[in-house]
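Novice: Take this sequence and fold it.
(one chain, ligands or ions: 2)
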Amino acid sequence: MSGRGQEGTSLLDLEVDMSELEGRTFTCDDKCGLCCLCQAEVLPHEVPFFKRDHPSRVVMKSEPHRHVALALKGGEGPCTFLGVNRRCEIYSSRPHYCRQFPFHLYISTRVQVELDLSCRGVWYGGREDALVTGGKMVAENREALLRALRESRAVYREFEANCADSGIYRAPEGLRRNVAPRIKELSDVQYLAKVLDLSAEEEEMEALPAPLSSPQYDPKELKASAAETGLESLSSDDVYSAPVYCDPEGKWNILLSKNGKVEWSVMNDDGSLDPRRTIDPKQVPLLVPEGQGLDVFCSYMSTLNRRDSMYGYACFLVDDYGYEDYLSNTYYGALAAAAMDLLWRSSLIAHIRGGKLDRQGMIEGIIAYDMDRLDAPAIGAFL
Ligand code: SF4
Ligand code: SF4
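Specialist: Ligands and ions are numbered 1, 2, ... in the order given. This next block holds a predicted model:
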């Protein structure tokens, strides 16, 4: 593997980008268990082991495709194999899905290795070099990645042809280049509101606007619209599918928006729920990143700007709306909405924990947010 971590690095004949892993290390935090709340899929070659040794602890699922998955405690809680002190009872035989976490292999017109920044082990780990682990993962999955890449490239070719027919296409490299000098501005809700307004207009945005010389929006209205975006991203059909934030103490905080408020509860290891309190979004001050918190915010927004899954999300929206909106407007608007959502979610966590958006507060906000970001629909797919 040569030139590891650089954009477009080639792993044999596979085009792979591992730039998100550069300078990152990882160690699983024993008291966390957050990834054991996601129902792990069991791959076909793993099914015989589970059917033979643990037949009552796997279930059939029909969504998003027919597959076998690990059962959950009480049908909705953590994984059935999550034992005492959050130890995995079948650690050496755990499925492929669990072995990969927090790495995600995203396939679009190339393979990109993304890191789930909701994993505390990425922020506070230290033992594993993420680039080494990510490289091994790519090598182990090479055949499957090549197959998925062929399919995904065909989907992107069709997408680009549809965009070209409608005159709305812009290459991702150009969009990313336009965002890069404005990353810091994305921490300013006035600026975000401006971008969101421009992105909804009929005219194409050639680039992100210059920084605002004076405030243009009513702060009260901005706070209300940030809360609206934040509440929408916390909405879910039921409490067990709602966003989870694993805090420094290892508590699984469930934050569900209901009737314009946030219902906060904590899930126990057996899957039962302890209600905490209902939070009125009007009581949540919309904070701005400060000191090193701003560096953390900018670094995260730069990561989003580089992620193929973020660009794939904008492509999904363009496709979903029938190729009527410019890809540039959609991409800039999606990034601005993500920044707004992150600021509000981080403010909510700081409100609950009694902090501010300094370095620590901003990291906790990203931990509470990134898993939902990675779960957003996109053209392309995670392997
Ligand atoms: S989310 Fe990360 S730190 Fe937490 S259990 Fe999973 S791998 Fe470990
Ligand atoms: S098999 Fe083990 S690692 Fe995987 S979700 Fe279950 S408890 Fe967690």
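Novice: So which residues of the stretch 251-383 of the chain form helices?
Specialist: 292-306, 308-320, 327-353, 359-375 (DSSP state H, counting those that start in this stretch).
Novice: How about the last one, which residues are buried there?
Specialist: Which is helix 359-375. For helix 359-375, the neighbour count (16 or more other Cβ atoms under 10 Å) marks 359-374 as buried. In short, each C-beta sits where N, CA and C put it, glycine included.
Novice: Could you provide the helices of the stretch 251-383 of the chain in TSV, with additional columns for mean pLDDT and distance to Thr109?
Specialist: What follows is the helices of the stretch 251-383 of the chain, written out as TSV (pLDDT from 0 to 100; distance: least, Cβ to Cβ, whole Å):
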stretch	mean pLDDT	distance to Thr109
helix 292-306	98	15
helix 308-320	97	8
helix 327-353	97	15
helix 359-375	96	19
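Novice: Just tell me which of those helices ends up closest to ligand 2.
Specialist: helix 359-375 (14.3 Å; Cβ to the nearest ligand atom).
Novice: The closest one packs against which elements?
Specialist: helix 120-124, strand 244-246, helix 292-306, helix 327-353 (3 or more Cβ pairs under 8 Å, 6 or more residues apart in numbering; DSSP states H and E).
Novice: Deepest-packed of those, please.
Specialist: Scoring the helices and strands packed on helix 359-375 by mean neighbour count under mean count of other Cβ atoms under 10 Å gives helix 327-353 as the most buried, with a mean of 24.
Novice: where are the low-confidence patches of the stretch 1-150 of the chain?
Specialist: In the predicted model, the stretch 1-150 of the chain carries pLDDT under 70 at residues 1-13.
Novice: How about the residues of it by ligand 2?
Specialist: Proximity of the stretch 1-150 of the chain to ligand 2, by Cβ under 6 Å from any ligand atom, involves residues Cys36, Ala40, Leu70, Cys79, Phe81, Leu82, Cys88, Ile90, Arg94, Cys98.
Novice: Which residue is the nearest non-sequential neighbour of the residue of the stretch 251-383 of the chain found nearest ligand 1?
Specialist: Taking Cβ to the nearest ligand atom, ligand 1 has its nearest neighbour within the stretch 251-383 of the chain at Met371, 8.7 Å off. Nearest residue to Met371, sequence neighbours excluded (Cβ to Cβ, 6 or more residues apart in numbering): Ser118, at 3.8 Å.
Novice: Next, the contact list for that neighbour, please.
Specialist: Leu34, Pro102, Cys246, Ile366, Ile367, Ala368, Tyr369, Asp370, Met371, Leu374 (Cβ atoms under 8 Å, 6 or more residues apart in numbering).
Novice: what bridges to the closest residue to ligand 1 within the stretch 151-300 of the chain?
Specialist: Closest approach between the stretch 151-300 of the chain and ligand 1, counting by Cβ to the nearest ligand atom: Cys246, at 6.5 Å. Beta bridges link Cys246 to Trp252, judged by DSSP bridges.
Novice: For His104, what are phi and psi?
Specialist: Phi and psi for His104, reported as degrees, to the nearest 10, are phi -130, psi 130.
Novice: State the distance from it to ligand 2.
Specialist: 16 Å (Cβ to the nearest ligand atom, to the nearest Å).
Novice: What of Asp129?
Specialist: Asp129 is 21 Å from ligand 2, by Cβ to the nearest ligand atom.
Novice: distance of Arg373 from His104?
Specialist: 11 Å (Cβ to Cβ, to the nearest Å).
Novice: re earlier: would you mind checking which of the residues of the stretch 1-150 of the chain next to ligand 2 is nearest to Asp270?
Specialist: Within these, the smallest distance to Asp270 is 9.7 Å, found for Leu82 (Cβ to Cβ).
Novice: To what extent is the residue lying closest to the closest one once chain neighbours are set aside buried, counted in neighbours?
Specialist: Leaving aside its sequence neighbours, Leu82 sits nearest to Cys36 (Cβ to Cβ, 6+ apart; 4.6 Å). Look at Cys36: counted by other Cβ atoms under 10 Å, it has 24 neighbours.
Novice: Helix, strand, or coil at Cys36?
Specialist: Using DSSP: H, G, I helix; E, B strand; the rest coil, the structure places Cys36 in helix.
Novice: Please list all residues in contact with it.
Specialist: Pro78, Cys79, Phe81, Leu82, Arg86, Cys88, Cys98.
Novice: Can I get the contacts of Ser118 in CSV including distance to Ser346?
Specialist: Conversion of the contacts of Ser118 to CSV gives the following (distance: Cβ to Cβ, whole Å):
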residue, distance to Ser346
Leu34, 17
Pro102, 19
Cys246, 15
Ile366, 7
Ile367, 10
Ala368, 7
Tyr369, 7
Asp370, 11
Met371, 14
Leu374, 17
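Novice: From these, pick the one nearest Tyr323.
Specialist: Distances from Tyr323 to the contacts of Ser118, taken by Cβ to Cβ, are shortest for Leu374, at 25.3 Å.
Novice: Does that closest one touch His104 like I think?
Specialist: Yes: Leu374 is within contact range of His104, at 6.4 Å (criterion: Cβ atoms under 8 Å).
Novice: Let me see the contact set for Leu149.
Specialist: Leu14, Glu15, Ile107, Thr109, Arg110, Val111.
Novice: And for Glu41?
Specialist: Neighbour list for Glu41: Lys61, His67, Val68, Ala69, Pro95, Tyr97 [criterion: Cβ under 8 Å, 6+ apart].
Novice: Now the helices and strands packed on helix 359-375 in CSV, please, with extra columns for distance to Leu286.
Specialist: As requested, the helices and strands packed on helix 359-375 are exported to CSV (distance: least, Cβ to Cβ, whole Å):
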stretch, distance to Leu286
helix 120-124, 24
strand 244-246, 18
helix 292-306, 14
helix 327-353, 5
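Novice: To Glu202, which of the ones you listed lies closest?
Specialist: Per Cβ to Cβ, nearest to Glu202 of these: helix 327-353, 9.1 Å.
Novice: so how far is that closest one off the chain centroid?
Specialist: Centre-to-centre, helix 327-353 and its host chain are 12 Å apart (Cα atoms, centre = their mean, to the nearest Å).
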